[in-house]
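Chemist: Sequence and predicted model, in that order:
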Amino acid sequence: MKASSTAQTILDQLFVNPSTPYGAFPFDRIKDEHFAPVFRAAIAQYRAELATIIENPEPPTFANTIVALEEMGSALEAVEGVFFNLLHANSNAQLMALAEELSPELTALSNDTSLSPELFERIRIVYEQRESLDLDEADRRLLENCYDGFTRQGALLPPEKKEILRTLREELSLATLTFGNHVIKEENAFSLYIDKAEAIAPLPQAIQEKTASAALEKGHKGGYLFDLSFPCYTAIMKFCPDPNIRQQMYLAKATLCCHGGETDNRAITQKIVNHRLQIAQLLGYKSYADYALEKRMLNTPEQVMQLLTDLRESYKPTGIKEMEAIKRLKGAPLEPWDVMYYIEQYREQHYAFSQEELRPYFPLHRVIEGVFGLASRLYDISFIPAKELPIYHPDVLSYRVQDNKTKQLLGLLYLDFFPREGKRSGAWMNNLKEQRSERRPHILLVMNFTQATKDLPSLLSPNEVNTFLHEFGHGLHGLLTQSKYTSLSGTNVTRDFVELPSQLMENWLLQPEFVKTFALHFQTNQPLPEELLGKMIEAEGYPAGYNTLRQLSFGLLDMAYHTLEAPLPEGCDLEQFERDATASVRIVPPAPKGCMGSTSFGHLFSGGYAAGYYGYKWSEVLDADAFSLFQEKGIFNPEVAQAFRTHILEKGDLREAMELYVAFRGRKPEINALLKRDHIL
């Protein structure tokens, strides 16, 4: 392991050219101790490839500079594809420590590439010849993206400013990584022991069994042990009748990483915000949002704020009425930890329906069949179990995805459904391997659903089914890509366009014709009763006002941080900053003193959604408008599905996002379809 030749052998055999079916990563042979040496070997290989391009004595050409730059780094891409997915989905202290150790090296490598004057000079020469070159559409897009990307990364800065930028990026990269690791550590450290059976009696049976087993595993003689995973947290907040227990769970979530100690993220949050601002201003922009939005569909802070304001004005009256109704239901002033509970109580009383009633009709294996069946019906593709593929955890399922017409492999799909220690909360899609030339992508979907117990299979709530559909839409975007270049493929699109394929998929959960194809009782095999299905669809939009305003609060907080034109002062009260930023959409009681969401807001501070969280709501505008065409032509209409596949899913970043959308829809998106779907119009 110590010799560089050994590291190179491991890099080649386990990461770059594994002797496995379809080149799948051999997770069963990859060990934690492999990563440090293979990362360094891959970094060395990357630097050698970069030097070959820079030092090429031949005049710069599209092939020897732009394409060569696009195609280099395959070894490092492979190591990162494994490592960072494991870091998020199956982490441990060793991986987290190594990530922090490697962060400066990887950032330095990125800086050495993007700030190289010799490399940029070659790119500039090719770019200025572009009109005389024989380039096709993908070539031109790649060249333009390459040149714009380098200029946006600081290639035009004078040397002294490049050095400042280099330092800021290195510090920012480490800060965002540390932020995420702190959240995982605090989530893993939390547990709530409950010994009162009556307090958890209304909770889903699967959660009761899971937490009872957890209590026994930790040495308790009985009772129930809860963690902060999504199934546990939502079960308590929605169904536990004891307000004191709900309060404890709420405060645990709302005070993550903001109560002192080595995992406190307040100073790191401020550092991330200020470093982003410094970087943007160094590059000539007023704010980080001005910089980040420049290449998006909504490409100025003013456009984003107008969207958020329009949605606030449309949805706030409905949200206020919803909160007044649940306050009347409680018969007393609401506390923050009451909201989810009384929304669920209102849903059960007003709609005579609880999401828990549907769990028996949504066993996970049936949901998988239903979601796969929908994709097959729309896009004529098949999902073939691939048990021969190595996996990184026994819970992971693996599939080959095939085009039925051509019989060609579209890619590999891995599904990781359940929470565990070392796995981040939430749900996401990642590329283990992206499309590269003839190589098809390997896609991973990660979720945190209700697990099977000794007596019950994994039974999903409609919300969990919806999450699966959402992430599966991202997966299709990755799998169906047909791109000449990796950087233009799949989900490598602008941030406020990437959620369209995922959110579009959610629409089918409100279509009886689809739900009936798979919703069967796990014991009796009887179909979901028409009446119950109707209630689910009727109640699904509730509470549209509250849910939208909650999303807007995240978007407004994001924009408040990233439209700053002066740094946050040292020791800034982030809690008050957050309250001020979200005041215009707050319709529920404010959190108690000492609570804030910023310090655990991974999307903003350890993910890629800075100045981009509004994209979820913008994508709802897009997906509602897009689905209205399916509703007009038929929800399984093959022509509409083929148009969506051709113009959106296959194209990646071949053209501007608005061009792709107009090519599919025939016009620009309109907001009315969303307002109608949410019964606002």
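Modeler: Now that the structure is in, tell me what you want to look at. Residues are numbered from 1 along each chain as shown.
Chemist: Give me the distance between M237 and Y379.
Modeler: Taking CB to CB, to the nearest Å as the measure, M237 falls 37 Å from Y379. (Glycine included, C-beta is placed from N, CA and C.)
Chemist: Oops, could you answer that again for I125 instead?
Modeler: I125 is 42 Å from Y379, by CB to CB.
Chemist: Which one's more surrounded, those two?
Modeler: Y379 (19 against 13; other CB atoms under 10 Å).
Chemist: Now do the contacts for that one.
Modeler: Contacts for Y379 (CB atoms under 8 Å, 6 or more residues apart in numbering) come out as L476, L480, A641, Q642, R645, L649.
Chemist: Reformat those residues as CSV; add neighbour count and distance to L504.
Modeler: Shown next, in CSV, are those (neighbours: other CB atoms under 10 Å; distance: CB to CB, whole Å):
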residue, neighbour count, distance to L504
L476, 27, 10
L480, 25, 13
A641, 21, 11
Q642, 13, 14
R645, 21, 12
L649, 24, 10
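Chemist: Pull the most distant pair out of these.
Modeler: Farthest pair in the contacts of Y379 (CB to CB) is L476 and Q642. Separation: 13.3 Å.
Chemist: where exactly do the helices run in the stretch 401-550 of the chain?
Modeler: Secondary structure of the stretch 401-550 of the chain (DSSP state H, counting those that start in this stretch): helices at 462-479, 500-506, 512-515, 530-540, 544-562.
Chemist: Next, the angle helix 544-562 makes with the host helix or strand of L329.
Modeler: Assigned by DSSP states H and E, L329 belongs to helix 301-330. For helix 301-330 against helix 544-562, the angle by axes from the mean of the first three to the mean of the last three CA atoms, to 10 degrees is 140 degrees.
Chemist: after helix 301-330, next one along is what?
Modeler: helix 339-350.
Chemist: For that next one, buried residues please.
Modeler: Neighbour-count burial for helix 339-350, with 16 or more other CB atoms under 10 Å as criterion, is recorded at V339, M340, Y341, Y342, I343, E344, Q345, Y346, R347.
Chemist: One more: stretch 422-433?
Modeler: G422, K423, R424, S425, A427, W428, M429, N430, N431, L432, K433.
Chemist: Surely the second one touches H88?
Modeler: Right, K423. Yes: using CB atoms under 8 Å, K423 is in contact with H88, at 7.4 Å.
Chemist: Which residues are in contact with each of the two?
Modeler: In contact with both K423 and H88: V446, using CB under 8 Å, 6+ apart.
Chemist: What are the boundaries of the strands in this structure?
Modeler: For the chain, the strands defined by DSSP state E cover 192-194, 224-226, 381-385, 397-403, 409-416, 428-433, 442-446.
Chemist: Which of those strands sits closest to L98?
Modeler: strand 428-433 (18.4 Å).
Chemist: Quickly note the distance from I343 to Y250.
Modeler: Using CB to CB, I343 is found at 14 Å from Y250.
Chemist: now do A267
Modeler: For A267 relative to Y250 (CB to CB), the value is 24 Å.
Chemist: higher neighbour count, the two?
Modeler: Between A267 and Y250, Y250 has the larger neighbour count (other CB under 10 Å), namely 23 against 14.
Chemist: R400 and H442, how far apart?
Modeler: With distances taken as CB to CB, R400 is found 11 Å from H442.
Chemist: what is in contact with the two at once?
Modeler: Y22, L412.
Chemist: more crowded one of these two?
Modeler: H442 (24 against 20).
Chemist: okay, the more buried one: pLDDT?
Modeler: pLDDT, H442: 98.
Chemist: May I have the beta-bridge partners of it?
Modeler: Note on H442: beta-bridge partners by DSSP bridges are L412, K433.
Chemist: Who are the contact partners of A201?
Modeler: With CB under 8 Å, 6+ apart, A201 has these contacts: Q208.
Chemist: change it to 10 Å
Modeler: For A201, the contacting residues are Q208, F239, C240, P241, by CB atoms under 10 Å, 6 or more residues apart in numbering.
Chemist: what's the answer for A48, then?
Modeler: The contact partners of A48, taken as CB under 10 Å, 6+ apart, are M72.
Chemist: Could you measure from it over to K31?
Modeler: 26 Å.
Chemist: Check K330 too.
Modeler: 54 Å.
Chemist: quick one: which of the two has more around it?
Modeler: Under the criterion of other CB under 10 Å, the comparison of K330 against K31 puts K330 first, with 16 against 10.
Chemist: Hmm, D338 and that one touching each other?
Modeler: Yes: K330 is within contact range of D338, at 6.3 Å (criterion: CB atoms under 10 Å).
Chemist: Quick check: neighbours shared by these two?
Modeler: Here K330 and D338 have P243, Q345 as joint contacts, going by CB under 10 Å, 6+ apart.
Chemist: is the spatially most central residue of the chain in a bridge, and if so with what?
Modeler: By CA atoms, centre = their mean, the chain has its centre lying nearest to W428, at 4.0 Å. W428 forms beta bridges with V446, as assigned by DSSP bridges.
Chemist: For it, give me its contacts.
Modeler: Contact analysis of W428 by CB under 10 Å, 6+ apart lists N85, H88, A89, L444, L445, V446, M447, E471, H474, G602, H603, G607.
Chemist: any idea how far K617 is from D625?
Modeler: Note on K617: its distance to D625, by CB to CB, is 13 Å.
Chemist: Identify the contacts common to these two.
Modeler: Here K617 and D625 have L674 as joint contacts, going by CB under 10 Å, 6+ apart.
Chemist: still on that earlier bit, what do I343 and Y250 both touch?
Modeler: Counting by CB under 10 Å, 6+ apart, the contacts common to I343 and Y250 are M237.
Chemist: number of nearby residues for S584?
Modeler: By the criterion of other CB under 10 Å, S584 has 14 neighbours.
Chemist: If we ignore the residues flanking it in sequence, what's nearest it?
Modeler: Nearest residue to S584 in three dimensions, chain neighbours excluded: R312, at 6.4 Å (CB to CB, 6 or more residues apart in numbering).
Chemist: The one you found and G319 touch, don't they?
Modeler: Yes: under the criterion of CB under 10 Å, R312 is in contact with G319, at a separation of 9.2 Å.
Chemist: Tell me the spacing between the nearest residue to F472 once chain neighbours are set aside and G475.
Modeler: Counting by CB to CB, 6+ apart, V371 is the residue found nearest to F472 once chain neighbours are left out, at 5.4 Å. For V371, the distance to G475 equals 10 Å [CB to CB].
Chemist: So these two - more neighbours on which side?
Modeler: When V371 and G475 are compared for neighbours, G475 comes out ahead with 30 against 24, by other CB under 10 Å.
Chemist: List the buried residues in stretch 400-413.
Modeler: In stretch 400-413, counting by 16+ other CB under 10 Å, buried: R400, V401, Q402, L410, G411, L412, L413.
Chemist: rewinding a little: give me the pLDDT value at the residue nearest to the centre of the chain.
Modeler: Confidence score, pLDDT, at W428: 95.
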